[in-house]
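>>> starting from these lines, generate the structure:
(4 chains)
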Amino acid sequence: MFEKILIANRGEIALRIHRACREMGIKTVAVHSTADSTAMNVRLADESVCIGPPPARASYLNVASILSAAAITGADAIHPGLGFLSENAEFARLVEEHGFTWIGPSPEHIALMGDKVRAKEEARRLGIPTVPGSPEAVATLDAAIEAARLVGYPVLLKAAAGGGGRGMKLAHNEAQLAEALPLAQAEAKAAFSDDTVYLERYLERPRHIEVQLIGDGDGGVIHLGERDCSLQRSHQKLLEETPSPALTPASRQRLQTIAVNALKKLGYKSTGTMEFLYQDGEFYFIEMNTRLQVEHPISEMISGVDIVREQIRIAAGEPLNIAQSDIRLSGHAIECRINAESPDDFRPSPGRISEYHAPGGLGIRVDSAVYQGYSVPPYYDSLIAKLVIYGANREECLMRLSRALGEYVIGGIETTLPLHQRLVDDPGFRRGDYHIHWLDEFLARPR
Amino acid sequence: MFEKILIANRGEIALRIHRACREMGIKTVAVHSTADSTAMNVRLADESVCIGPPPARASYLNVASILSAAAITGADAIHPGLGFLSENAEFARLVEEHGFTWIGPSPEHIALMGDKVRAKEEARRLGIPTVPGSPEAVATLDAAIEAARLVGYPVLLKAAAGGGGRGMKLAHNEAQLAEALPLAQAEAKAAFSDDTVYLERYLERPRHIEVQLIGDGDGGVIHLGERDCSLQRSHQKLLEETPSPALTPASRQRLQTIAVNALKKLGYKSTGTMEFLYQDGEFYFIEMNTRLQVEHPISEMISGVDIVREQIRIAAGEPLNIAQSDIRLSGHAIECRINAESPDDFRPSPGRISEYHAPGGLGIRVDSAVYQGYSVPPYYDSLIAKLVIYGANREECLMRLSRALGEYVIGGIETTLPLHQRLVDDPGFRRGDYHIHWLDEFLARPR
Amino acid sequence: MRIGNRRPPPVPDAELIRSLAALLDETGLSEIEYESGGTRIRVAKGGTVVAAAAPALAPIGPAPTPATLPAGANGADHAGMVTSPMVGVVYLAAQPGTPPFVRIGDTVTEGQTLLIIEAMKVMNQIRAPQAGRVAQILVADADAVEYGAALMLIE
Amino acid sequence: MRIGNRRPPPVPDAELIRSLAALLDETGLSEIEYESGGTRIRVAKGGTVVAAAAPALAPIGPAPTPATLPAGANGADHAGMVTSPMVGVVYLAAQPGTPPFVRIGDTVTEGQTLLIIEAMKVMNQIRAPQAGRVAQILVADADAVEYGAALMLIE
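Residues are numbered from 1 along each chain as shown, chains lettered A, B, ... in the order given. Model prediction:
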């Protein structure tokens, strides 16, 4: 096992990793920008090195400084956390070249899943369903109508060269398709000087469902159930829960089988997450995240598995010592992301935390690196705490969440706490009846 | 179910009960002395009533004020918590007489177990082993020798009228017994003007092992495993763990059977704890606590059962909705009692908490009603926080405990945190190799 | 005291204290001392509060927490203030419909009954601690009172 | 920087700051402002700290936490202070055994090499930002340095 791990990250996730190391008897090195000198993960670490000025590109993305810090502290391994360099295949390669162990999947797997087009091809190869679409471009209306018939309405026309919504047109039937095709082609031409368009099925009310996976690269693969991350504000996850209120035991079983088999074929070695859209009983692969995820704690709560510990063990070359049959997924867990931002317009709200008091008691877990008197720097992600609630069932979990939100005190800055309180009081949310557009609609509602 | 519960207690246990109520959708009434006006449980309660000045006898033991508070707030039920009036059978009777529901066992059971002599007789009747002793007084040396032969050495001579150690004499063999008897009789005579003495087996290195029980008074009885509370400083529990590192599966099984069968015969209705001494593979009944206990959280951690919720449900007349077969005791849990007192000489250390930061992350539960800026009043028990740690096994639990103690910050007053850190680092404790005298010996060791 | 269906006894300074607390946050000051007429209020942040507990409530903000004043803080320390020695319900007259024991402006002799507090079906007579004039009556008939609640001011 | 086997670079004010922090606790003051020579240090309790982060470490007491100063705080703001632009290992001479690039008291010209910092096997020459006299050399040969660490003072 490693003697010393350098944690190339900041904030709550750096602290999360530090805690796992401490509990495994592994020494930690914190690297930090000048803005994070007094951060809790820096204070608690056995060693710390300042790697640059506040801007991330000069510090947390500063490969040379991070590798030098590992060298001068004599670290055995580097844990990238999430965000920053965690899905940078080149960095992973450099880490290994410089003789440190990379705590994550192989650079090849990172690169493969980092390329969204190759990732989808690979997914199909691995027998994972993806959003159905036309095999190639649809140049003529006849071709488009034929493709749409196979794919099924509604369909979305997309510019092949495209992105950013330009050249995108929605059609619910043949008539609309006939109107949309020339428009899409014209827009594509104008935007990308290439009028090639293709079409794929449009999902109107999908849920975002992902599967937590761990592979040891040696045939051992386990899943820790799914997470429902459909509550997103402009693609930013705000609240996650497991199990999903939407899945039937049968669809859940199918999802788990698809994901586990794919990971085995892939020979994947580390923790990872496969993300799907789910609508009308069907799953469609979106992407795979080749790293630890912000919302991993809810899977730990229902499975009893310490995901970071397993990730470190596997990186150290140990095989999985848990079989799927040993894992009993029970109860319900919810994570609320507490961000330093206005709960109304989501303006970032950095600054000094004048009061801080976290809720406690049965079924409450708080992952946070802030404390009373800490100043949230303006340079980074606004996530300052994760309130993770466990209950024997969803209702108990929601009741506990509501009481915990009532106890949580964060003064001096604005946070998303009030928004979470509104959510937990909302009948639609309590019914579990939501999808990826639901939160934006909820926020648009008059109050 | 109740609509409103008055919580006749203070501090962390009052908050613990408030939380259970909140999670059940029950309104709470906090009663408090003038010293506790700004306590967290008072602030979080739906309603609060000041019941008297700081001294407990004028406030938390003030039956008239508490019942009046229940009347003016229209509470349905009264939860006594622990300590104070929780084992006062007369108060329980008054509560019921005034038309409120008592959240606890019947006054008869409280009275029965409150009388330590009757309790032991009842225990024998229920088939629970007690410390073997002479059936009646031993007047002559021959009678003493004969009794000692049956009981087994070492034996302790005790004044029948006695208590407080006066008239107590230890004898390891016949010769010592011959010397001890007249001395014991003389001391008893002097102290209680009654020289009647009896003898019982003396246990030199016993462990304190207790069983958490819940009965619904209707045949339903479950246990949540044992708790090892052997780490005591002059009879004050400091750290508890479950399961006990000392029990074999067979002895554990035997203990659980004894306790569950006894509770069934008793027709006991509420939560309760049977306490035993354990030495050389044998259990000896000490007493039964007819209330919630400080250390109940560790049993919740390994069983997943919310003990306070069950206690309230049963008081509301609902049957147990968990069968023993539904309960899977798994993992290991430890509770550290954080007291506002010097870790060296245990002088109380009330005062203002200038810094407070509780540890967080996976497997950590903190039950505490203090916060940064709170002043610990000098009038009451010194327990200010319970650090409860869960791990998949004892080693993981100890590693996590150590890292959590390292994160816990309580400034401005002295606490037992440093003592717990010394304990978790001690090889003897880590081996689980201790007994009820161990901690006093540990504290007496030169450092 | 905060109780649901009944109204808590009047707390003249609560609003003022809340405004000072808000001002404290706004200005970032660590302490404000405010004196006017007979009242002197000092509010301090994250710390001890002399005259009242209200600002200290801020740290427990998110929970719905109407002001709870320490008994005695609502003027009860004032010389001549008669406070409640128990928890119960106040009656200003011996019987419904009969005239009250005392009215504002009445002169009372030491030991004269001022009002009754019912606790556990027992009617407790609350007597004047000294002779004087009834300057204020701070409770209404059938009000619930807690220990230390201000009842009447005798001058 | 705190690192295990190697010694962190000297931090002239850390001790002073710690003493002030201790004094703060002892006296129960909420703030102490201290000025002497070029240094001005203000320590405040449970709050923001201007000149250095050391006292703010107190809240995370129990954990073994040697002082970590924000880079730049250890005098790096001082005019003429040459600080490290990277993390690496310092070499004061081109080769082991050869004379150092500069000695205390030397006059240097702008752009003259003062020392080398090795990062990822690359030798980076650190040059004098301006002409002047080498007043202090704050690192020893083979010291590990972090970003912002004070290296030399040129007057």
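>>> hey, where'd the helices end up in chain C?
Assigned by DSSP state H, chain C shows helices spanning C:14-27.
>>> what segments of it are strands?
Along chain C, the stretches classed as strands by DSSP state E are C:31-36, C:39-44, C:81-83, C:88-91, C:107-108, C:113-119, C:122-127, C:132-137, C:144-145, C:150-154.
>>> adding distance to residue A:361, write these out as CSV.
C-betas here are computed from N, CA, C, even on glycine. Shown next, in CSV, are the strands of chain C (distance: least, CB to CB, whole Å):
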stretch, distance to residue A:361
strand C:31-36, 33
strand C:39-44, 29
strand C:81-83, 36
strand C:88-91, 33
strand C:107-108, 51
strand C:113-119, 34
strand C:122-127, 39
strand C:132-137, 43
strand C:144-145, 30
strand C:150-154, 36
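>>> state the distance from whichever residue of the stretch 101-250 of chain A sits closest to chain C to chain B.
Closest approach of the stretch 101-250 of chain A to chain C (CB to the nearest CB) occurs at residue A:239, with a separation of 16.9 Å. Residue A:239 sits 19 Å away from chain B, going by CB to the nearest CB, to the nearest Å.
>>> show me what counts as buried in stretch A:115-130.
For stretch A:115-130, a neighbour-count test (16 or more other CB atoms under 10 Å in any protein chain shown) marks A:119, A:120, A:122, A:123, A:126, A:128, A:130 as buried.
>>> quick one: which helix or strand includes residue A:118?
If you go by DSSP states H and E, residue A:118 is part of helix A:116-125.
>>> give me the neighbour count for residue A:423.
As a burial measure, residue A:423 scores 22 neighbours (other CB atoms under 10 Å in any protein chain shown).
>>> phi and psi next, for it.
Backbone geometry at residue A:423, expressed as degrees, to the nearest 10, gives phi -60, psi -50.
>>> quick one: residues contacting the closest residue in space to residue A:377 that isn't next to it in sequence.
Closest residue to residue A:377 apart from its sequence neighbours, by CB to CB, 6 or more residues apart in numbering or on different chains: residue A:35 at 4.3 Å. Residue A:35 makes contact with A:53, A:54, A:377, A:379, A:380, according to CB atoms under 8 Å, 6 or more residues apart in numbering or on different chains.
>>> between the residues you listed, which is closest to residue D:150?
Residue D:150 lies nearest to residue A:53 out of the contacts of residue A:35, by CB to CB, at 15.6 Å.
>>> counting neighbours, what do you get for the nearest residue to that closest one once chain neighbours are set aside?
Among residues not flanking residue A:53 along the chain, residue A:34 sits closest, at 5.5 Å (CB to CB, 6+ apart). Counted by other CB under 10 Å, the residues lying close to residue A:34 total 21.
>>> what residues does chain A have near chain D?
A:27, A:29, A:34, A:37-38, A:40, A:42-53, A:59, A:64-65, A:67-69, A:71-74, A:98, A:352, A:371-373, A:375 (CB under 8 Å from any CB of the partner chain).
>>> buried among those? Make that a PyMOL selection.
A single PyMOL command is used to select the members of the residues of chain A next to chain D judged buried by 16+ other CB under 10 Å:
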select buried, chain A and resi 27+29+34+37+38+40+42+43+44+45+46+47+48+49+50+51+52+53+59+64+65+67+68+69+71+72+73+74+371+372+373+375
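>>> narrow the residues of chain A next to chain D to those in strands?
A:27, A:29, A:47, A:48, A:49, A:50, A:51, A:52, A:352, A:375.
>>> can you add pLDDT and distance to residue D:142 and give those back as CSV?
Shown next, in CSV, are these (pLDDT from 0 to 100; distance: CB to CB, whole Å):
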residue, pLDDT, distance to residue D:142
A:27, 97, 22
A:29, 98, 19
A:47, 96, 17
A:48, 97, 20
A:49, 97, 16
A:50, 97, 19
A:51, 97, 20
A:52, 96, 22
A:352, 96, 40
A:375, 96, 36
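>>> enumerate the beta-bridge partners assigned to residue A:269.
Assessed by DSSP bridges, residue A:269 has beta-bridge partners residue A:216.
>>> now swap in the one 5 residues further on and tell me
Taking DSSP bridges, one finds residue A:211, residue A:288 as the beta-bridge partners of residue A:274.
>>> pull up the gap between it and residue B:201, please.
64 Å (CB to CB, to the nearest Å).
>>> look at the two and report which has more neighbours.
Taking other CB under 10 Å, residue A:274 and residue B:201 do not tie; residue A:274 has more neighbours (27 against 19).
>>> surely the more buried one and residue A:213 touch.
Yes - here residue A:274 reaches residue A:213: they are 6.5 Å apart, a contact under CB atoms under 8 Å.
>>> any common contacting residues for these two?
A:259, A:263.
>>> if we can go back for a sec, closest to residue D:102 out of the contacts of residue A:35?
residue A:53 (26.4 Å).
>>> noted, bye for now.
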